[in-house]
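Colleague: let me see the structure of the following:
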Amino acid sequence: MSHYQRIACLSTEAVETLYALKAEEFIAGISGFTVRPPRARAEKTRISGFSSSSLERILAVRPDLVIGFCDMQADICRDLVKAGVEVHQFNQRTVEGILRMIAVLAALVQRDEAGRALIAGLRADIARAQQRAAPWTRKPVIYFEEWNDPLMSGIGWAAQLIELAGGVDAFPELSSQPGAKERIIAEPLEVVRRAPDIIVASWCGKKFQPAQLASRPQWDTIPAVREQMLFEIKSPDILSPGPAAITEGLRQLGDIVAHWQAAQA
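Modeller: Next comes the predicted model:
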C-alpha cells in the first residue's frame, strides 16, 4: 500500500483523530496520556509520555511514521530522525490549525473523504456555537487558567474558543504566545485588575480547587469569585488540540457563558 502502515502517535489528539477517521488499524503505538477514544488504551501499545519519551520504546513498535506535537517533543523527534524514522511534527495553536492537522492526517492515511467529513462536522459545531452567542449583547470577560503555580493563561485555541462561545479572553496578549513560559502571569493581582466575569480552570491533569483560587489575596473582589462563576473544564476536553477541543471544550464554554447570561437576566 502507498500510505503509512505503522504510525506511532506521541500526542493524544493524533490518536483521537485517526480513530475518528476510521484509520486506527494504522496506529502502532500511543501516548500514555491518550484518553480518546477510551478503547485506544486497551487496544494500543503505550510508547511515550508527553514531554518524556524513550527512543527504544518508540522504535520497538517499528513505526514507519511518528506523529509529534510542539517544541516539547522536539528532542525526541530529532533523535528519531537521526535513527532513520520519518517524523511529522505538528505545531497547531489555533482552531484553524486543528482543522488543518486533521486534513493532513487524513491525507497521510488516504482517508481524505473521511477527513473532509470530520472537518465539516466540526465547522458545523463552530457555527452552532456562534449562532447561540449571536443574540447576547454583553460578552463576559473570561480568565482561562491553564495552571495555578505559577499562574498561566490559556493557549491560543482556548482563547479562540472563548471568543466563539461568546466571551472575551482576559489575556489576549498572552494567548497569542506559543510557549507556556510566555503565558505565565507573574503578578496575580493583574487578574484582579482585569476583573473577569467568569473564571475557567483547566489545570492540565490536576483537579481544580475553587477554594484555593478564591483564597488568593484580593481575589475575593473579582466579579467571577464574588458571583461564584468558577468553572472547570477537564484538560483532555480543551487542552489537546484535536477534535475534542471543539466537540467538548467549545460546547462546555458555550454552556458556561449561557449560564452567566441567564444569571444577568
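Colleague: mind listing what the closest residue to residue 176 other than its chain neighbours touches?
Modeller: Nearest residue to residue 176 in three dimensions, chain neighbours excluded: residue 156, at 6.3 Å (Cβ to Cβ, 6 or more residues apart in numbering). All C-beta atoms are positioned from the backbone trio N, CA, C, and that covers glycine. By Cβ atoms under 8 Å, 6 or more residues apart in numbering, residue 156 lies in contact with 93, 94, 175, 176, 178.
Colleague: ok, of these, which one's closest to residue 228?
Modeller: Residue 228 lies nearest to residue 175 out of the contacts of residue 156, by Cβ to Cβ, at 24.8 Å.
Colleague: from residue 183, how far off is the nearest residue to the closest one once chain neighbours are set aside?
Modeller: Leaving aside its sequence neighbours, residue 175 sits nearest to residue 159 (Cβ to Cβ, 6+ apart; 3.5 Å). For residue 159, the distance to residue 183 (Cβ to Cβ, to the nearest Å) stands at 10 Å.
Colleague: ditto for residue 94
Modeller: Residue 94 is 15 Å from residue 183, by Cβ to Cβ.
Colleague: and for residue 90?
Modeller: Residue 90 is 19 Å from residue 183, by Cβ to Cβ.
Colleague: what of residue 26?
Modeller: Counting by Cβ to Cβ - residue 26 and residue 183 are separated by 34 Å.
Colleague: same thing with residue 250?
Modeller: Distance, residue 250 to residue 183, using Cβ to Cβ: 20 Å.
Colleague: who has more neighbours out of these two?
Modeller: Taking other Cβ atoms under 10 Å, residue 250 and residue 183 do not tie; residue 250 has more neighbours (27 against 23).
Colleague: do I have it right that that one meets residue 124?
Modeller: No - counting by Cβ atoms under 8 Å, residue 250 does not reach residue 124; the two are 11.6 Å apart.
Colleague: returning to what we had before: which of the contacts of residue 156 lies closest to residue 35?
Modeller: The closest of those, once distances to residue 35 are taken by Cβ to Cβ, is residue 93, at 20.7 Å.
Colleague: now do the helices in this structure.
Modeller: 12-20, 40-43, 55-60, 74-82, 95-108, 112-133, 156-164, 172-175, 189-194, 210-214, 223-226, 235-238, 243-244, 251-264 (DSSP state H).
Colleague: contacts for the lowest-mean-pLDDT helix or strand in the chain next, please.
Modeller: Every helix and strand of the chain was ranked by mean pLDDT, DSSP states H and E. The lowest is strand 46-48, at a mean of 89. Strand 46-48 is contacted from outside by 8, 10, 29-32, 34, 53-54, 57-58, 60-61, 76, using Cβ under 8 Å, 6+ apart.
Colleague: same check, this time on stretch 176-192
Modeller: 71, 91, 93, 143, 146-147, 150-156, 159, 170-171, 174-175, 216-219, 221-222.
Colleague: any quick PyMOL command for the buried ones out of those?
Modeller: With 16 or more other Cβ atoms under 10 Å as the criterion, this PyMOL line picks the buried residues out of the contacts of stretch 176-192:
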select buried, resi 93+143+146+147+151+152+153+154+155+156+159+170+171+174+175+216+219+222
